[in-house]
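>>> just a sequence and a predicted model for now, questions to come.
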Amino acid sequence: MTMLRVSREKLLAIPELLNIITSYLSRDDLRTLIRVNRALNAYWVPHLYVKLFFRSYQRTRSYPKVNIYGQHVRSLNLVATSWDNVVHLLKFTTNLQSLFLRYTILNTSHLQEIVRLTPHLRVLHATLAQSSMEPLNCRMTPLASLKRLEDLSWEAATEVRIDDVLFILKSCSQLKSLALSLVTLIEEFKDTNASARRLIKVDDNKHVELEFRSPMSNRHLPVEGTTLLNAIAKACPQLKQLSVKNFPPSSDAAFEQVMKASEQIQIVSVKNTEFGDIALTQLARLSLPMFTSPHSLVDLNVEGCFNVTSRGARMVLENCASLRSLNLLGTRAGTIDLFKGSKPWSCVKALERLRLEIQPVDFQPRPRGTVQRLPPVRLYTAEEQQMIKDRICSFKALMGLELKGDAMTFEMLEAPVSFAPEMRRVLLHCDQSQGQR
């Protein structure tokens, strides 16, 4: 066998090959390589500076090579670092693509400086240390100048203007992920009337009531969930993932508008919201054959959405052929109506994870936060149980399965693993009060 020998000079002359080799090396491996000789040292030392992490960084002579190899830094992670020290590092990392700032105090001028020093930034995650309810202290609008920004995460116990968020969504055309944590979204209203207003009310008895309201040049009100969803529907036509947590009160119709505008959406996670059959039906229609878009729904989590019923869930199962994960816990989508019908479920070859509650026909969900038990229910007949079993066993690609509910019985799945060869995790919860074990 002839062995191919490549000289060191030829190896170092092929940067593409070296980049592939470097991708498989740990930092310890790189530290070992740079001690071999000067040639390897000269090439691989810059790779040690591709990702930097500092906690409470201060300008000292401890890191003099940051000034030399700063152009090679692609990711910078700073924790509890003052702004003076942050800007000191940013001045030497002109090719920075990812910036992580945790427990840092920022204001609007600081964001403007970040944009100026790191114009190629693709990822920005900021966890602010301040707790101020005044949105003017740190407005997000300067970030709209980062035209290459793909991932933005903003965590701060502050108020954020909805107009600022929408401006970023419209300006950053390459933005793929936007996460807002702990913030309070607000709308700002301006009152152009400089004088006090007097309201006069006259009732049927001719009683006059005078009410004086003092002028307010700026008024901040929390954004309602419906208002926010309508804004998202208008500003994000290319939306691929919708994930909401602790969402303010909204409506099923508002979620429908987002689904209607997002023909490329792939992931929907709307736990414990007003998301229901109206939005679910619109979402299922996006996957019908009449649409030529290559994107389709792959992950749906509607846990705790009381407005979701068997009718809406059946629409998804029949039309979303690429669906790989489905969570219907805490909904009204587990009755026998879900399993009836002769139309096949299009996702039987794709679904890998299923979480479902088998519930009686007259099922009514318990109010949130309560553990009260409902009166005993009538279990399904043997024929109905076989229908449920046949539908569930049609998912040949399942890797994870969780079944529970008031009408769940072990007879529905006597051998829960046999029908899915790739099954790795099965959770079956049966109600002991119904005589099950």
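Yes, it's here.

>>> which stretches of this structure form helices?
8-12, 15-22, 27-33, 38-44, 66-69, 83-90, 108-117, 162-171, 225-235, 252-261, 277-285, 310-319, 382-392 (DSSP state H).

>>> quick one: end-to-end distance for stretch 334-345.
End-to-end distance for stretch 334-345: 15 Å, by C-alpha to C-alpha, to the nearest Å.

>>> so what touches it?
Here stretch 334-345 makes contact (C-beta atoms under 8 Å, 6 or more residues apart in numbering) with 309-311, 313-314, 317-318, 328, 356-361, 363, 380, 384, 387-388, 391, 394, 405, 407. Every residue, glycine included, has its C-beta placed from N, CA and C.

>>> could you redo the last one with a cut-off of 6 Å?
Around stretch 334-345, the neighbours that count as contacts under C-beta atoms under 6 Å, 6 or more residues apart in numbering are 310, 313-314, 317-318, 356-359, 361, 363, 384, 387-388, 391, 405.

>>> buried only: go through those residues for me.
Neighbour counting with 16 or more other C-beta atoms under 10 Å marks 310, 313-314, 317-318, 356-359, 363, 384, 387-388, 391, 405 as buried within the contacts of stretch 334-345.

>>> domain-wise, how is this structure divided?
Following automatic domain parsing, the chain resolves into domains at 11-16+24-49, 50-190+211-223, 236-362+378-437.

>>> and those domains as TSV, adding mean pLDDT and distance to N230?
Listed next are the domains of the chain as TSV, based on pLDDT from 0 to 100; distance: least, C-beta to C-beta, whole Å:
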stretch	mean pLDDT	distance to N230
domain 11-16+24-49	74	46
domain 50-190+211-223	79	10
domain 236-362+378-437	84	6
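
>>> closest one to L229 among these?
In this view, the domains of the chain are compared for proximity to L229 by C-beta to C-beta, and domain 236-362+378-437 is the closest at 4.0 Å.

>>> right, and A129 touches I105 too?
Yes: applying C-beta atoms under 6 Å, one finds A129 in contact with I105, separated by 5.2 Å.

>>> residue closest to the middle of the chain?
Taking C-alpha atoms, centre = their mean, the centroid of the chain lies closest to S243, which sits 4.0 Å from it.

>>> wait, that one touches V268, no?
No: judged on C-beta under 6 Å, S243 makes no contact with V268 at a distance of 7.9 Å.

>>> thinking again about what came up before, so which of the helices of the chain is nearest R55?
helix 83-90 (11.2 Å).

>>> tilt between the closest one and helix 108-117?
Using axes from the mean of the first three to the mean of the last three C-alpha atoms, to 10 degrees, the inter-axis angle of helix 83-90 relative to helix 108-117 is 10 degrees.

>>> now tell me what touches helix 83-90 from outside.
Helix 83-90 is touched from outside by Y57, Q58, R59, L78, H110, L117, with contacts defined as C-beta under 6 Å, 6+ apart.

>>> could you do stretch 227-245 as well?
Around stretch 227-245, the neighbours that count as contacts under C-beta under 6 Å, 6+ apart are 166, 169-170, 250, 254, 257-258, 261-262, 264-270.

>>> could you rerun that using 7 Å?
162, 166, 169-170, 185, 250, 254-255, 257-258, 261-262, 264-270, 273, 295 (C-beta atoms under 7 Å, 6 or more residues apart in numbering).

>>> again, but for stretch 96-113
Outside of stretch 96-113, the residues within contact range by C-beta under 7 Å, 6+ apart are 73-81, 83, 86-87, 118, 120-130, 137-139, 142-143.

>>> kindly write the ChimeraX command that selects the buried subset of those residues.
Selecting only the buried members of the contacts of stretch 96-113 in ChimeraX, with burial defined as 16+ other C-beta under 10 Å, works like this:
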select :73,74,76,77,78,81,86,118,121,122,123,124,125,126,127,128,138,139,142,143
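
>>> looking at the contacts of stretch 96-113, which are in strands?
Members of the contacts of stretch 96-113 lying in strands (criterion: DSSP state E): S75, L76, N77, L78, V79, V123, L124, H125, A126, T127, L128.

>>> if I look at F100, how far off is H125?
5 Å (C-beta to C-beta, to the nearest Å).

>>> please apply the same query to K343.
Between K343 and H125 the distance, using C-beta to C-beta, works out to 45 Å.

>>> next one: V426
37 Å.

>>> go on, V50?
Relative to H125, V50 is positioned 18 Å away (criterion: C-beta to C-beta).

>>> what about R424, distance to V270?
When C-beta to C-beta is applied, the distance between R424 and V270 equals 26 Å.

>>> looking at those two, which one has more neighbours?
With neighbours defined as other C-beta atoms under 10 Å, R424 and V270 compare such that V270 has more, 25 against 11.

>>> for that one, what are its contacts?
V270 touches L242, V244, F255, V302, C305, counting by C-beta under 7 Å, 6+ apart.

>>> so which of these sit within strands?
Per DSSP E, the subset of the contacts of V270 in strands is L242.

>>> most neighbours among the contacts of V270, please name it.
Of the contacts of V270, F255 is surrounded by the most neighbours, 31 neighbours in total, counting by other C-beta under 10 Å.

>>> I'd assumed A313 was in contact with A333.
Yes: A333 sits in contact with A313 when judged by C-beta atoms under 7 Å, with a separation of 3.7 Å.

>>> so how far is R311 from the nearest residue to A253 once chain neighbours are set aside?
For A253, the nearest residue in space outside its immediate sequence neighbours is I278; the separation is 6.0 Å by C-beta to C-beta, 6 or more residues apart in numbering. As for I278, its distance to R311 is 11 Å (criterion: C-beta to C-beta).

>>> the more surrounded of these two?
Neighbours around I278 and R311, counted as other C-beta under 10 Å, are more numerous at I278. The numbers are 19 against 15.

>>> got a list of what the more buried one touches?
I278 makes contacts with D252, A253, E256, as judged by C-beta under 7 Å, 6+ apart.

>>> one more pass at 8 Å, please.
Neighbouring residues of I278 by C-beta under 8 Å, 6+ apart: D252, A253, F255, E256, N307.

>>> for burial, what's the neighbour tally of W345?
When counting by other C-beta under 10 Å, one arrives at 20 neighbours for W345.

>>> report the buried residues of stretch 279-286.
Under the neighbour-count criterion of 16+ other C-beta under 10 Å, stretch 279-286 has A279, L280, T281, Q282, L283, A284, L286 buried.

>>> mind listing what the first one touches?
Taking C-beta under 8 Å, 6+ apart, we find A279 in contact with D252, A253, F255, E256, V258, M259.

>>> thanks again, I'm all set now.
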